[in-house]
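K.L.:
Prediction below, plus the sequence it came from.
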Amino acid sequence: MIPRPQALIAEITHRCPLHCVYCSNPLAMQPRSGEMPADIWARVFREAAELGVLHVHLTGGEPLLHPELQELVRAGRAANLYVNLITSGIGLNEQRLDALIDAGLDHLQLSFQDSEEAPANEIAGARAHARKLALAEILRARRIGFTLNAVVHRQNLDRLDAIVAMAERLGVDRLEIANVQYYGWAIENREKLMPTRRQLDACVAAVRAHQERLKGRMRIDFVPPDYYARYPKACMGGWGQSLLLIDPAGFVLPCHAAGVIPDLIFDNVQSRLLRWIWEESGAFQRFRGEDWMPDPCRTCDRRQEDFGGCRCQAMLLTGNAGATDPVCSLAPGRQLVDAVIERANAAPLNAPAWVYRIDPA
Amino acid sequence: MTASNIPRLARGCRLSEDPAQGWVLLIPEGVLRLSGPGPHILQRCDGARNFAGIVRELGVAFAAPDLALVESETAAFLDRLVARRIVVLE
């Protein structure tokens, strides 16, 4: 029985005015010339809704750079989807925001790099922080949902309390505190981003305290750094189980990072129906269910909880996408993760220079 | 939940009827699948009706013999959503 996807991540452009050192976009990005226009996206949204999708997350790159963003919002809402815009806010003024809300935008997720301006701009590789603050003030009075997303890591975890205070001051409904996940550009900067054990323990305790204190006022969702975990994350709720991602050129992937797996062929919504891609394409079948699982996953009691962890992480760290996620303490590859953690805890807090995300052609 | 509380869906939360999946409450990063009286309660959480009025209307709509039971179950349902900031009180 093939499950129903619940959410569609629509990467409508890979272009971005920011250059964040942990960007989740692939290292090889789609150029502007390949970006799909709104009429194709509108058809894809209808196909997705028929498949069971309820949420569309418009993201990028910076989705505000897509010339037809307003039409995309309208098309998502017309397909009866919940429309979320994941944005840096750069390029969004009051007038454009109101036009997007009128088009049916349900929710906006604004990313922050830090609570302090200088380190925030350093991570983004752009002078963005002050503009984000100004936009957040405008959002406070709008009727759409507002999530502040703060990516945390070695360089800003010691300011976690200040980040929470910033979110409170800005009147957000929901705060997402997400530790960096090591894919895309983040793996290029892993040594500078990996938290220490002390930082992690302090962060977990602080998040719990803030969640308790703010209950009913602001919801805090937390993404822990999985290298420190005992068992792997249930990545994407399982391969091809509840989520699909479409890149700017229309290629359909099971997640942000799946492009790192060399033997997968991704089909395109411009030549195939989305239902066929979801149900039958090789890329979505490859790790769906349990048949692909190696030992120790195939007999593990947790295999229906974490699905063997993340295929892309297995690929990036062991060179084999079909291996147990090396984050798992039962995985033959766990020593690869332990070695990274050990280095992170031994090294002084400042390592080599950042590798900044570049823009596609 | 008290009689004069005026509940409404928090911003970013929306009730929707999907042709294949029935009534769903769409929230940021999630979905609550509603059954039974859930959608009937939330349709009335419009920021105008107060809790007492909502309970009265539900009692009529469901021809409920025991209004106290409607009140306690509706309060429990809404209190859970208030704690998750899906419903807010005016």
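P.N.:
Looks like it came in fine. Residues are numbered from 1 along each chain as shown, chains lettered A, B, ... in the order given.
K.L.:
for chain A, what are the nearby residues on chain B?
P.N.:
If contact is defined as CB under 8 Å from any CB of the partner chain, the residues of chain B in contact with chain A are B:10-14, B:16, B:18, B:20-21, B:24, B:26, B:28-29, B:31, B:82-85. Any C-beta I mention is one placed from the backbone N, CA and C, and that applies to glycine too.
K.L.:
Which of those are buried, as a ChimeraX select command?
P.N.:
Filtering those down to the buried ones (16 or more other CB atoms under 10 Å in any protein chain shown) takes a single ChimeraX command:
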select /B:10,11,12,13,16,18,24,26,28,29,31,82,84,85
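K.L.:
Now, the residues of chain B next to chain A that are in helices?
P.N.:
Counting by DSSP state H, the part of the residues of chain B next to chain A found in helices is B:82-83.
K.L.:
Restricted to strands, list the residues of chain B next to chain A.
P.N.:
B:14, B:16, B:18, B:24, B:26, B:31 (DSSP state E).
K.L.:
and which of those is nearest to chain A?
P.N.:
Using CB to the nearest CB, B:L26 comes nearest to chain A of those, at 4.0 Å.
K.L.:
So for the closest one, what's the nearest residue that isn't a sequence neighbour?
P.N.:
Among residues not flanking B:L26 along the chain, A:Y82 sits closest, at 4.0 Å (CB to CB, 6 or more residues apart in numbering or on different chains).
K.L.:
Was I right to think that neighbour contacts A:L105?
P.N.:
No - under the criterion of CB atoms under 8 Å, A:Y82 is not in contact with A:L105, lying 9.9 Å apart.
K.L.:
By pLDDT, give me the weakest of the ones in strands among the residues of chain B next to chain A.
P.N.:
In terms of pLDDT, the lowest of these is B:D18, showing 89.
K.L.:
partners of the closest residue to it other than its chain neighbours in the sheet?
P.N.:
Excluding the flanking residues, the one nearest B:D18 by CB to CB, 6+ apart is B:V24, at 5.7 Å. Per DSSP bridges, the residues bridged to B:V24 are B:S16, B:R33.
K.L.:
Could you tell me which residues of chain A lie near chain B?
P.N.:
Counting by CB under 8 Å from any CB, the residues of chain A near chain B are A:6, A:52, A:54-55, A:80, A:82, A:84, A:106-107, A:109, A:142-147, A:173-174, A:215-219, A:221.
K.L.:
Put the buried members of those residues into a PyMOL selection.
P.N.:
Selecting the buried subset of those in PyMOL, with 16+ other CB under 10 Å as the burial test, is done by:
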select buried, chain A and resi 6+54+55+80+82+84+106+107+109+142+144+145+146+147+173+174+218+219+221
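K.L.:
Among the residues of chain A next to chain B, which lie within strands?
P.N.:
Of the positions in these, A:55, A:82, A:84, A:107, A:109, A:145-147, A:174, A:219, A:221 sit in strands, assigned by DSSP E.
K.L.:
Let me have the residues you listed in a markdown table, adding distance to A:N121 and pLDDT as columns.
P.N.:
Listed next are those as a markdown table, based on distance: CB to CB, whole Å; pLDDT from 0 to 100:
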| residue | distance to A:N121 | pLDDT |
| --- | --- | --- |
| A:H55 | 31 | 98 |
| A:Y82 | 32 | 98 |
| A:N84 | 25 | 98 |
| A:H107 | 26 | 98 |
| A:Q109 | 20 | 98 |
| A:G145 | 27 | 95 |
| A:F146 | 22 | 96 |
| A:T147 | 22 | 97 |
| A:R174 | 24 | 95 |
| A:R219 | 28 | 91 |
| A:D221 | 25 | 95 |
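K.L.:
which ones are touching the residue nearest to B:D18?
P.N.:
A:54, B:15-18, B:31-34 (CB atoms under 8 Å, 6 or more residues apart in numbering or on different chains).
K.L.:
Likewise for A:A202?
P.N.:
Residues counted as contacts of A:A202 (CB under 8 Å, 6+ apart) are A:157, A:160.
K.L.:
low-confidence ranges in chain B?
P.N.:
By pLDDT under 70, chain B contains no weakly predicted segment.
K.L.:
check contacts around the residue of it found nearest chain A.
P.N.:
Closest to chain A within chain B is B:G12: 1.5 Å, counting by CB to the nearest CB. By CB under 8 Å, 6+ apart, the residues touching B:G12 are A:106-107, A:144-147, A:173-174, B:27-28.
K.L.:
gap between it and A:R174?
P.N.:
Using CB to CB, to the nearest Å, B:G12 is found at 8 Å from A:R174.
K.L.:
Could you name every residue contacting both of these two?
P.N.:
The contact lists of B:G12 and A:R174 share A:145-147, B:28, where a contact means CB under 8 Å, 6+ apart.
K.L.:
so what's the residue nearest to B:L26 up against?
P.N.:
By CB under 8 Å, 6+ apart, the residues touching A:Y82 are A:54-56, A:106-107, B:14, B:16, B:26.
K.L.:
Apart from its neighbours in sequence, what residue is nearest the residue located most distally from the centre of chain B?
P.N.:
Ranked by distance from the centre of chain B (CA atoms, centre = their mean), the top residue is B:A20, with 21.6 Å. Distance criterion CB to CB, 6+ apart; nearest residue to B:A20, sequence neighbours excluded, is A:G52 at 6.7 Å.
K.L.:
Repeat that for A:Q270.
P.N.:
Spatially, and ignoring its direct neighbours in sequence, A:Q270 is nearest to A:G250 (4.7 Å; CB to CB, 6+ apart).
K.L.:
A:R4: which element?
P.N.:
For A:R4, there is no enclosing helix or strand under DSSP states H and E.
K.L.:
which residues does it contact?
P.N.:
Counting by CB under 8 Å, 6+ apart, A:R4 has contacts A:51-52, A:242.
K.L.:
May I see these organised as CSV, with pLDDT added?
P.N.:
Output for the contacts of A:R4, formatted as CSV (pLDDT from 0 to 100):
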residue, pLDDT
A:L51, 97
A:G52, 96
A:S242, 96
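K.L.:
In the beta-sheet assignment, what are the partners of the residue in the stretch 51-200 of chain A that chain B sits nearest to?
P.N.:
Of the residues in the stretch 51-200 of chain A, the one nearest chain B is A:G145, at a distance of 1.5 Å by CB to the nearest CB. Beta-bridge partners for A:G145, by DSSP bridges, are A:H107.
K.L.:
from what I can see it touches B:A10, true?
P.N.:
Yes - taking contacts as CB under 8 Å, A:G145 lies within contact range of B:A10: 7.4 Å.
K.L.:
one step back: now the residue of chain B closest to chain A: closest residue in space that isn't a chain neighbour?
P.N.:
A:G145 (1.5 Å).
K.L.:
Can you give me every residue that contacts the one you found?
P.N.:
Going by CB under 8 Å, 6+ apart, the list of residues near A:G145 reads A:106-108, A:173-174, B:10-13, B:28.
K.L.:
so where's chain A shaky on pLDDT?
P.N.:
A:349-351.
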